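Novice: below is the structure, and that's it, no one-letter string:
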C-alpha cells in the first residue's frame, strides 16, 4: 500500500490515468487497508450469520464438493500451458498424483509453505465459515470442523501438488524466487482471489457477499479466462503464444466436461438411479465460456436446465415457504412429503446451519 500509493495519487499519474483511474486506485487501496472491506461496506450481522449457516449446511459432508477437489488441477494446467506450452501438463499431473498418493509429500510441502498453512480451503464461503469455528471448543464447533475435513483433505493435497509443480517449472524457466512466484500462481489457480486480487464488488458488504455465495472461485476462474486465456490470445504477438493460450482454454473446457460428467454421476448415484439426461460434451464445451461469466452465467444455465438463477439465500427461502405450501396442499402424499423435506431442510439450514443438512435432505427426497 505504501509503495504504490506514492505513484497512484501523484499529479503525474492523475494526468495519465484520468479520474476513473484515480477512483479505481482510491477504492482499491481503501479495500486493501481494511483487509477486504470498503469504507462504505454495509455490515448486516444477521445476514452474515444466515450466510454462514447456509455455508455449513450446504458444504458440510458434501460428497460432490469433496470429490471435485482434484479437478482444480485443470485450472493449474490450463494457466501454466498458456504461459509455457503444453509440455508442462505432465509435470503438474505428476506432482499432484505424488501429493495424493505418496505418503508425506503433501505434509512436507504444507509444513514448508506459510501460504498453504494459512489456506483454509479455496472458496471464500469456506474460509468465512472456517474462520468462524476454527478456535471454537463447543461440540457443535467441533462437528462443523469435522464436516469440512473431507474438503480440506482434498484441497490441501491438490494445492500442494500444484505448488510443487509450479516451483519446479519456474526453476527450470530460470525465474528468480521460484517458490514465492509458485505460491502466488498456486493461489491464483486454486483459490478464490485473495484480498489483493478480489473483485471489488465483494468488498461492498454482506449483501454482495450473499449474492455471490459459492461463486467466488468461479469469479476467479473467469478472471483467468478473460485476461490470461482469451486476452492472451488477443495480445500474443507470436503464433506459438496464441496457440498456447488457446491450448490453455481447451484444457479448461476439457476439465469442465469432466467435472460435469462426474457431478451427474454422483448426483444419480446418491439417489440410486442411472443418469436421466444425456448432454453431449460438445454442448458443454460450447456453453462453457458464457456459463463462467459471473451472475450472467447463472442466468444462462437456468435457461438451459430450468434451474434457479437466484442467490442461494433466496433459494433457501423458496424452499422454506414453497416447501411448506407443498407440504400442506400437495396433490399426493409423496408430494406433501417432499415439500415437508424442503421446508425442514431450509429452516434447519438457515436457522441452525447443521452440517450435512442438504446431503441428508437429498437422500431422503430420493
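Specialist: In hand now; what should we look at? Predicted, not measured: the structure shown is a model, and the values here were computed from it. Numbers count the residues shown, from 1 in each chain.
Novice: and the residue most central in space within the chain, helix, strand or coil?
Specialist: With distances taken as CA atoms, centre = their mean, the residue of the chain nearest its centroid is residue 217 (2.3 Å). Following DSSP: H, G, I helix; E, B strand; the rest coil, residue 217 is assigned to helix.
Novice: just checking, it touches residue 192?
Specialist: Yes: with contact defined as CB atoms under 8 Å, residue 217 reaches residue 192; the gap is 5.0 Å. Glycine gets a C-beta too; all of them are placed from N, C-alpha and C.
Novice: shared neighbours, the two?
Specialist: With contacts defined as CB atoms under 8 Å, 6 or more residues apart in numbering, the residues shared by residue 217 and residue 192 are 122-124.
Novice: and stretch 113-127, what's buried?
Specialist: Going by neighbour count (16 or more other CB atoms under 10 Å), the buried part of stretch 113-127 is 113, 115-116, 119-127.
Novice: in helices only, show me the residues you listed.
Specialist: Using DSSP state H, the subset of these located in helices is 115-116, 124-127.
Novice: give me the residues contacting stretch 182-190.
Specialist: Counting by CB under 8 Å, 6+ apart, 72, 75-76, 78-80, 113, 115-116, 122, 155, 158-159, 162-163, 166-167, 170, 194, 197, 220, 224 sit against stretch 182-190.
Novice: let me see the mean pLDDT of it.
Specialist: Across stretch 182-190, pLDDT averages out at 93.
Novice: would you mark the buried spots in that stretch?
Specialist: 182-183, 185-190.
Novice: now do the helices in the stretch 201-350 of the chain.
Specialist: Using DSSP state H, counting those that start in this stretch, the helices found in the stretch 201-350 of the chain span residues 206-211, 216-223, 231-235, 239-270, 281-292, 296-305, 312-329, 333-351.
Novice: of those helices, which shows the lowest average pLDDT?
Specialist: Minimum mean pLDDT among the helices of the stretch 201-350 of the chain: helix 296-305, a mean of 79.
Novice: distance between it and the chain's centre?
Specialist: 18 Å (CA atoms, centre = their mean, to the nearest Å).
Novice: give me the angle between it and helix 216-223.
Specialist: Taking axes from the mean of the first three to the mean of the last three CA atoms, to 10 degrees, one finds helix 296-305 and helix 216-223 inclined to each other by 100 degrees.
Novice: just checking, what packs against helix 296-305?
Specialist: If you count contacts as 3 or more CB pairs under 8 Å, 6 or more residues apart in numbering; DSSP states H and E, helix 296-305 packs onto helix 281-292.
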